[in-house]
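**Q** only geometry, no sequence info:
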């Protein structure tokens with residue numbers, strides 16, 4: 001191995017960690033097997049699927065989501081065996097099944113690399129693996145296709161439904177539809193099937209928002225002795241159990257709640273189910289939080305713990321925001337729904353890799369994982385990856401990874417690389433309470449000079465009485 005390239009890699013531990021994770025998880029035989037199993041009518045020519053994955057990886061990690069610089073750089077170095085314009089059709093025809101398998105199979109490898117013990121779950125629910133799921137529409141589609149050029153307005157590139165492991169915040173699996181207007185609920189069964197096949201040994205608690213409050217899904221989520229915690233919508237009726245009185249209480253934040261037992265669904269409906277209903281009153285908000293669950297024992301599973309657990313569902317919303325803003329999902333490379341879905345899946349793969357690194361640097365800094373900012377950490381990771389791409393060589397990491405073949409060896413490598421890499425600037429910025437804004441005022445003629453506005457503001461302040469007592 002070239003000594004200079006090895007020295008560059010040694011001085012960039014964050015870049016080496018991320019590239020090592022990708023070399024371990026997304027090896028060429030692994031990607032070839034995924035494509036061969038799920039390709040359908042797609043085929044490989046000179047441009048292989050593994051090469052396409054590496055091109056998209058460099059575009060997202062180094063070039064801020066822009067595909068053309070990544071393809072041009074590969075062509076200049078002789079690594080791209082086809083014309084640059086041939087990459088886009090290859091990306092546009094990538095099957096949705098390949099994208100789903102890429103996230104599913106890679107997350108199974110990455111979740112084994114997590115080595116941080118802190119768990120956000122309450123003590124009564126530590127025996128469960130809580131799985132949150134939610135949908136996300138792909139936006140900011142490029143209008144490069146002939147049929148899209150004359151159109152105005154927003155265009156959506158597809159619909160994703162993703163399952164997140166709440167304990168580690170990793171994206172486990174997804175289902176996707178090319179039609180972004182499709183409802184999220186029909187995509188749930190496939191995601192549930194994937195997660196069950198990945199981790200059959202887990203005792204699962206499924207958690208979702210009110211759009212998933214459906215009797216058919218309740219039956220699906222309670223198979224194999226699993227449970228659900230779903231927010232209730234207003235369309236589903238609830239009949240209280242007259243033999244079991246309601247109970248009142250107060251959650252950890254001092255807000256009052258009431259829990260009831262009863263049935264959801266009509267009397268003649270075969271899907272009718274006995275559930276526990278928890279209503280958290282929020283007088284200062286526009287509506288209350290109403291949860292339904294099949295965990296009926298209030299002693300084993302207190303209502304306050306279930307409310308605190310449902311609050312963790314906000315983590316999947318934050319995950320979508322990070323994937324869109326931090327990992328360049330707003331900068332879509334392709335123009336077809338299949339290309340957008342593939343990029344969405346790969347953005348979640350990158351997100352999972354950064355979550356692994358985030359856990360190790362949190363251990364090195366002796367802080368909780370939640371205190372580490374994903375965006376701030378990724379900024380430093382991206383800087384080191386750019387430096388490695390300029391000064392190093394692509395073969396350096398592959399050669400350095402020759403001795404790392406098992407999961408324990410990979411975990412040991414990450415610990416050694418990140419043992420003394422903690423930086424205080426990676427801590428999240430404390431949230432300030434939201435200040436109420438005053439009444440807005442439109443400026444004259446629709447625009448104004450900042451200098452004039454500040455001059456008028458100073459004149460108004462000087463004209464006000466100071467309110468201070470004059471010294472005698």
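**A** Here it is on my side, so go on. In this text, all values refer to a predicted model and were calculated from it rather than measured experimentally.
**Q** helix or strand right after the helix or strand of the chain with the lowest mean pLDDT?
**A** For the chain, counting by mean pLDDT, DSSP states H and E, helix 394-400 ranks last in confidence among helices and strands (a mean of 65). On the C-terminal side of helix 394-400, the nearest following helix or strand under DSSP states H and E is helix 407-418.
**Q** packing partners of that following helix?
**A** helix 13-25, helix 337-365 (3 or more CB pairs under 8 Å, 6 or more residues apart in numbering; DSSP states H and E). In short, each C-beta sits where N, CA and C put it, glycine included.
**Q** now the angle between helix 407-418 and the longest one, please.
**A** Between the axis of helix 337-365 and that of helix 407-418 there is an angle of 70 degrees, by axes from the mean of the first three to the mean of the last three CA atoms, to 10 degrees.
**Q** contacts made by the helix or strand that helix 337-365 is followed by with the rest, please.
**A** Following helix 337-365 in sequence order, the next helix or strand is helix 374-391 (DSSP H and E). With contact meaning CB atoms under 8 Å, 6 or more residues apart in numbering, helix 374-391 is reached by 4-5, 8-9, 12-16, 18-19, 58, 61-62, 73, 322, 325-327, 351, 354-355, 357-358, 361, 396, 423, 425-428.
**Q** show me which positions of helix 374-391 end up buried.
**A** For helix 374-391, burial by neighbour count (16 or more other CB atoms under 10 Å) applies to 374, 376-378, 380-382, 384-386, 388-389.
**Q** what does stretch 107-125 give?
**A** By neighbour count on 16+ other CB under 10 Å, the buried set for stretch 107-125 is 107, 109-111, 113-114, 116, 120-122, 124-125.
**Q** and the helices in the stretch 201-350 of the chain?
**A** 215-221, 303-311, 314-325, 337-365 (DSSP state H, counting those that start in this stretch).
**Q** in CSV: these, plus mean pLDDT, mean neighbour count and distance to residue 442.
**A** Formatted as CSV, the helices of the stretch 201-350 of the chain follow (pLDDT from 0 to 100; neighbours: other CB atoms under 10 Å; distance: least, CB to CB, whole Å):
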stretch, mean pLDDT, mean neighbour count, distance to residue 442
helix 215-221, 94, 18, 48
helix 303-311, 95, 21, 39
helix 314-325, 91, 17, 30
helix 337-365, 93, 24, 39
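**Q** between those, which one is nearest to residue 151?
**A** Residue 151 lies closest to helix 337-365 among the helices of the stretch 201-350 of the chain, at 15.1 Å (CB to CB).
**Q** just want the angle from that closest one to helix 314-325.
**A** Here helix 337-365 runs at an angle of 110 degrees relative to helix 314-325 (the same axes, to 10 degrees).
**Q** pLDDT averaged over the helix or strand harbouring residue 73 - what is it?
**A** Secondary structure from DSSP H and E places residue 73 in helix 67-76. Across helix 67-76, pLDDT averages out at 92.
**Q** surely residue 163 touches residue 184?
**A** No: assessed by CB atoms under 8 Å, residue 163 is found out of contact with residue 184, at 12.0 Å.
**Q** which one's more surrounded, those two?
**A** Comparing residue 163 with residue 184 by other CB atoms under 10 Å, the one with more neighbours is residue 163, at 27 against 20.
**Q** residue 188 and residue 205, how far apart?
**A** As defined by CB to CB, to the nearest Å, residue 188 lies at a distance of 15 Å from residue 205.
**Q** between these two, which has more neighbouring residues?
**A** residue 205 (25 against 22).
**Q** per-residue confidence for the more buried one?
**A** Predicted confidence (pLDDT) for residue 205: 96.
**Q** who touches it in this structure?
**A** The contact partners of residue 205, taken as CB under 8 Å, 6+ apart, are 125, 128-131, 226-229, 295, 309.
**Q** put together JSON lines for those residues, with distance to residue 88 on each row.
**A** Shown next, in JSON lines, are those (distance: CB to CB, whole Å):
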{"residue": "125", "distance to residue 88": "46"}
{"residue": "128", "distance to residue 88": "44"}
{"residue": "129", "distance to residue 88": "39"}
{"residue": "130", "distance to residue 88": "40"}
{"residue": "131", "distance to residue 88": "35"}
{"residue": "226", "distance to residue 88": "42"}
{"residue": "227", "distance to residue 88": "45"}
{"residue": "228", "distance to residue 88": "42"}
{"residue": "229", "distance to residue 88": "43"}
{"residue": "295", "distance to residue 88": "49"}
{"residue": "309", "distance to residue 88": "44"}
